[in-house]
Every structure is written in C-alpha cells, then in structure tokens.
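Colleague: Predicted model follows, preceded by the sequence.
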Amino acid sequence: MNIGEFDKKHFSLVKGGLTATAHALKYLVIPYVLFAVGLMVLAGQDGPQRVGDLLGDLQTLVLIFGIVLTVLGFFKGAYPKGSYSRFLFGITASVLVIVYVFSLLLDGRTEDIIAQEVFELDLYLLFIRFFFPALLAVLMQFGEFADHRRQFLEREGKIEVKEREDPKDHQFYHDFRLRYGSLYNGLKLARSTLIGFVVIPLAVIILLKAGFSSLNVQEVDSMMSNLDDISAYMVMLGVPMSVLAFFKGFYPKGSFSRFIPAVVMVLIALYWIWILGLGGQFVFDSIEDISINLDFSKLLILLMVGTALWIVYYVLELLLYRPEWKEAGFPSDLLEERKVRKEARRKAKEERKAAKEKVKEEKRAAKEKAKEPEKEASNPPEDKKE
Amino acid sequence: MKLPLVATRLSIVAFKLIVAVIVILSILSLLTGGIGLDMDEGDDGAMTLEDGVIRAQMPITVRNDGYFDINGLTVSFTFKNQDGDVLAVSEGIPMDIPAGEETVADIELALDLYDLDRQVRSDLIFNGTEMLFDAEISAKYTLDMVQLSVRAGSDMEWGPFISDLQVQEWSAQPLEEGDDRFVQVPFTLRAEDAFNGLQAVAVTEYLDGDGYTSNVTQSVQLTQDVYETAKIPLSQEAYGRLMNGTANATVRTTLYVLDCLTYDEGQLGMGGGGGDPIYNIQLQMGGSYLQNLSGSYLIMIPFSFQTDPAYQGQYANAFIEYWDSHGYYTNINQMVYMEPSGWAWAEFWIPQYAFDTVNNGDELIQVKLTMTYQSWTGINEQYYYEPWTVSP
C-alpha cells in the first residue's frame, strides 16, 4: 500500500465534513432519535420494562457504531476517489455497517421481545435480505476505487493522460467494451434495483406473513400461500433485473450497451408489476360461502402503460446522448468526467458567444467607419461655409 | 439533463400520480363509508307469481358519496340443486349510481319455474325443497377500471306452495237429481300467498271394485284455504253398489298446477258393514290454531272420523300426542262420542317456550292420533309445517 496517499495534502476537511454529516444522520442521529421516541412513547404508556431495556441497549449500540461510522465517513470523504486511503476507510465503514445491523439483533433478544409483544417475526430472515445489498455496498467501494484510480494517478502525474479514442473506428457493438463501464455506477444501480424489486417486497411479505400468522385464522391460509408464490416470483424476476441493472448502470448514457439492458429491464418490470398486481385479479374466497373478486386489471394496465413510457425515455436518451458521448471520445460515465465535459461544454458555449459578440462588434465598428466619410460629406465644416 | 428526457420523466411521474390519485380516491370513499347499502325496513320482499315466474322484490338504497360513478350494479341469483347443478338463473337489471347521489334500486329475485325440470318443479310446488343459490353482486367503479363482484352462496327452503290436498271421503254425500246420480266428494287444500288467485285444474276420479270409472274436471282458484266439492256423475248401477256398501270405491283428486300434479285419494265407505268400528280417522291440521290466553298457551287440533252404524252411540278413546322439532312433547287422552261423522278437538296447554317455538315459526311438528275402541286401534299421524301466528 502506498502510504503517501494518506498524506494530508490529499485531505479535504470540507468533503470529509460533508460525508461525516451524511454518515452521522444515517447511522447515528436518525436511529438514535427513533429509539428515543420509542422510549418516550413507552414511558408515556407505561409499557413493559423489557421493551424499555431493549430500546436502551439498542440506543447504546447506535451510539457506539454511529460515532465510529461517522469518524470513518469523515476520513473516507476527506480523501479523493481512487486513493487507497479513501478505499480503506470506505470498505471498513461498509463492512462495519453489516456488523452494526447484525448487532442490533442482540443475539435473538430483539426477535424474542417482538414475538412476545407483537407477533413472531423472523429478523434473521430479514437480515439475510439486507445482507445482499450490504455486500454490494462493500463491492461498490472496490468499484469506486477501480473506476477512479486512473484519474487519481493522472492528477498525481504518475501516469500519462489517456488519449481520446477516434470515433471514426467505433462501431455500435464496440459499445460493449468493458473500458467504457463504471463498476461503481453498475453496482450502485444493481443494489438499488435489488432493494426496490426484491428486498423491500420480500420484507413486506415477511411482515405480512408474520402478521397473518399471528391472527391464527384459517381463512388467511390461501392468502399466505399466494404470498409464498409472489415471493418466489419476486426473486426470480428481481435477481435478473439486478444483473441487468448492473449493466445499465455500468455503461454510459448514449451507448447501446446501456440501452439494451435498460429496455429489457423495463419489460421485466412490466411483468413484475403484473405479477405483484396479481394479474389484476384479487380473489378472496376463504370465508365460507362468500367469495370476493376484485378485477382491477384495467387500472394495472394503466400503471403498466406509465411504466412502459420508460422505453421512450431510453430511446430518447440514446439518441440525445450518443453524439455527445461520441464527441467526448467514448469516456466512461464517471461523475468527474461528466463534470469535466459539462465544464468544457460551458466553456465552448461561452467562447462561441464571445466570438459572436466579437463579430457583431466588428461589424458595428465597420458600419460606423463607413458612415463617417458620408457624414463629413453632407456636413462641411462651418469655417469652410463662411 | 436534456429537455425531452425531462419531459418524458415528468410524463411518467404524471401518469403514475394519476393512477395513485385514482386508487387513493377509490379506496378513500370505501374507507370513510362513502359507499353503502341500506335495506328498507318494513318491506320483507313478498313473493308473487306471474307467468310461472316467482318474484321477490326488495328495495335497497345505494349511497354513493364517492368520487366516481358506480356503473352496472347488478344483482343476480343462480339456483342449484343439492348436487350443484344449475337449475335456473335470475339476472338482475344493471343500474348506474352517479357519484354524490343516493339511488333506490329494486333487487329482484326471479325464479322461472319453467326453467326447472318437471320433477324439481313438482317437488318445489307440492313438497317444498331446499335449493342452493348463489347471490352475486357486481359493479364497476373508478371510471369502470375496477370491477368488484361479491358472491355468496346459501341454501333456501322453498315451498311447498300448495299443501294439504285432502280428499274428505268421509264427508262424501250421494246425490240424486231426477234420474241422474252423483256422489259429492269434498276436497281441501292450502295455497301460499304467492299462488293466490292462480287457476288450477282438479280432476276427481271415481273407481269401484267392478271396474266402473267416472270423473269430473273442475277449475279451482287457489286461495289460502280452498274447500271444493267434486260432483262425480255415477251410473244407476254404480250408485246402487255405492249405496249398498258393495262398491269398494276409491276417489282420487288430482290437482294440476303449472304442468305438475299431485293427488290424494280415499276409500268411500257409504252403506256400512266394513268391519272396523271406526274408519277414516283424520287429523284436520288445516283447522288447527294457536291461542294466547293472557299468558296461557293453547294449541287446538281438530280430528275427524266415521263410525260404523253398528257401533254408533258409544264412546271410543282418543290419545293425541304432539312433538315439536325442538324436542318438546305432550299428549292428551280423551273420550269421543262415536257419531256417523265424528268431529272432536284436541286441546294442548303448552309452556311459553313451546309457544315461542311455534308462534311465527313455520316449524315442523308431529301429531299422532291413536283411537281405541275395545281391542280395536286406529292411528293417524301427520308431520306438518305449522303456519300459526298469534298477535301479541
């Protein structure tokens, strides 16, 4: 490891402070306040002591892990992307987040108390659902490092600046070259897709099942079995969507390599909506001699039409961003590069504007120059008249 | 971001917002009780019969304080037999309930008896039957994008609409009009309100032991209590046999209603010499009634019999037993005077809970009459859906 990258010349207090604030809010302030509110509510309602003890212990954990994560966040944010220093603090923080969440289970005590007070809820099952996106968050640190390492070294002058690619030799299938991709963006989108399409729906299903089971009513059995089927579909559709989301995020806007997975994702999402919406038919016939049939397929189709508009969006995105991407020499879609391109575009615009102004100015000056002899001719000097 | 992309994103967001608003507005009115049904009290949906269709109408008030119209509100019924085979379908007329309005709608249950096969129809009219039926309420809401249908299955006891057809052969009377000879045989029956006014056909046949037959056909207007007399023409010979007690004659009254029939028959015993001291023992359940005598409760059940001339003027023992479907049992023992056409009343004093069971109850009761004269015993037993009602 290059110790020099921990040097304070790379250190930015402002950036570190911003990341530390974000970490503090996420891992310390919000959870701490939530538990404190819980304790206050409990005290107001004269709730059971064991819940109060649990909330107190959780608060202590939040305090310990929250402070450590805030400090780690500060150092991570303070060092530039692509540096070993940022990578080390970043990966430590993301691993610690997993340990943090796991420790909140308090070796099964949290689950036991929820079971005693509300209903039986498998928190370990929920933790497993959380674990996969958290693992992707760890990998995102590797991705960020890999993506920005070259720019970091270029800035440091340790390697030569990469030459721009000649757009003439570029064919559309070249869009799939790995060098155009951003691991960080890909992993980030894969993670958010996994959370949105798998983790949250499954967590809701786990909660619903736990709630239904606690009712101990036979009538909800068929509903529970429906939820099992939906869970299976959520995994079967959500995991391929996350894989596609990786490629969508990995490749830059304006590339076919982003467009194709994006469109396939929309198509899968349409099917996902259809499945989650039970095909627009809700049948409840568990109560003896009564069956309720709700047909909301038209409403569901309306929602799907709204979602299908994303295809139009990605077509437009390809058409609008492709010339720009080509012009920029097919760079990967990194935030810094986007900023540089934006800045370059702004400068070019300003230059064009300035050039235009200059031309206008010259034209005006030439016109005035041409008018002066005419004026002189029509208005002879007075002394001459006399 | 580029303008066309922003516009597309905004369109997507707008689309989803519209769907979300529609869903919220739909659910909101349901959750806040903006949509409801009120049954009009006091209208118990009396049944009528028209062109072979039994109809029961029930007005309901549909309140729609929601944001969308309710369209095509339909109530339909499917009748099935015990095996689940569809017997008849009653389709309601679709109604629209505009948003913000209250609409009184008639729910109509219509059972076309001609949709049923003859055996089922006959059972329904004369014996009563239990039919399964599915009631389905369906309506479209949220700009017709959501259709809700609720199906509820149940069973329902129907009929009998015509009951207690009884040939009163013990009251049969011979009749001579000039050279013409007749036998007049009364018969009785009861029809439910729905069948009131309906014209039925009654054919009464006479058949004696020598194979002589005769019949008379008459039109009968159905009412709650029908008492008709069939006047059957007889030949001189048949009349003579009847009068001297050698006819061994049977009378059968067949009632035809809506292409279905039922009958009752009896043995004519004019002229005496039959052997039994008492014959034609009949519980006259049609004449029974319930009484509330300021907190004391009484069931009156008449019974009739005929006495062989050789035994007339003496006394027989009548032992009458009574059961209701809830296990209540009582009996009474009384002496009856043996007249040619005897008629007596059995009086049962019953406790309040037994009274409550049968009052307005349409309960199935069992009555058994055992008449004894010396070593001779005659029994008549009946199961009867009592229609008794006592005003408080």
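Modeller: Sure thing, it's come through. Numbers count the residues shown, from 1 in each chain, chains lettered A, B, ... in the order given.

Colleague: Low-confidence ranges, the chain, go.
Modeller: All of this is about chain A. Where chain A drops to pLDDT under 70, the residues are A:1-3, A:46-47, A:219, A:286-287, A:334-336, A:374-386.

Colleague: Actually, chain B is the one I wanted.
Modeller: Filtered on pLDDT under 70, chain B yields the residue ranges B:39-45, B:270-275, B:391-392.

Colleague: Please list the residues of it that sit near chain A.
Modeller: B:2, B:4-5, B:8-9, B:11-12, B:15-16, B:18-19, B:22-23, B:142, B:144-154 (CB under 8 Å from any CB of the partner chain). Every C-beta, even on glycine, is put in place using the N, C-alpha and C of the backbone.

Colleague: Give me the subset of the residues you listed that lies in strands.
Modeller: B:Val146, B:Gln147, B:Leu148, B:Ser149, B:Val150, B:Arg151, B:Ala152, B:Gly153, B:Ser154 (DSSP state E).

Colleague: Filter those residues down to the buried ones.
Modeller: Those of these that meet the buried threshold are B:Val146, B:Gln147, B:Leu148, B:Ser149, B:Arg151, B:Gly153, by 16 or more other CB atoms under 10 Å in any protein chain shown.

Colleague: What count of nearby residues applies to A:Tyr79?
Modeller: Neighbours of A:Tyr79 under the rule other CB atoms under 10 Å in any protein chain shown: 25.

Colleague: What backbone torsions are found at it?
Modeller: Main-chain dihedrals, A:Tyr79, degrees, to the nearest 10: phi -90, psi 150.

Colleague: One more: B:Glu381?
Modeller: Residue torsions, per degrees, to the nearest 10, at B:Glu381 are phi -130, psi 140.

Colleague: show me where chain A has strands.
Modeller: A:281-284, A:290-295.

Colleague: is chain B contacted by the lengthiest helix in chain A?
Modeller: If you go by DSSP state H, chain A has its longest helix at helix A:335-378. No - using CB under 8 Å from any CB, helix A:335-378 stays clear of chain B, with a minimum separation of 11.3 Å.

Colleague: Which residue, other than its chain neighbours, is closest to the closest residue to chain B within the stretch 251-386 of chain A?
Modeller: Nearest residue of the stretch 251-386 of chain A to chain B (CB to the nearest CB) works out as A:Gly306 at 3.3 Å. With sequence-adjacent residues excluded and distances taken as CB to CB, 6 or more residues apart in numbering or on different chains, A:Gly306 is closest to B:Phe15, at 3.3 Å.

Colleague: Contact partners for that neighbour?
Modeller: By CB atoms under 8 Å, 6 or more residues apart in numbering or on different chains, the contact list for B:Phe15 reads A:Leu302, A:Val305, A:Gly306, A:Leu309.

Colleague: if you set the cut-off to 10 Å instead, what comes out?
Modeller: Counting by CB atoms under 10 Å, 6 or more residues apart in numbering or on different chains, B:Phe15 touches A:Leu302, A:Leu303, A:Val305, A:Gly306, A:Thr307, A:Ala308, A:Leu309.

Colleague: ok, it to A:Val41 distance?
Modeller: Per CB to CB, to the nearest Å, B:Phe15 is found 39 Å from A:Val41.
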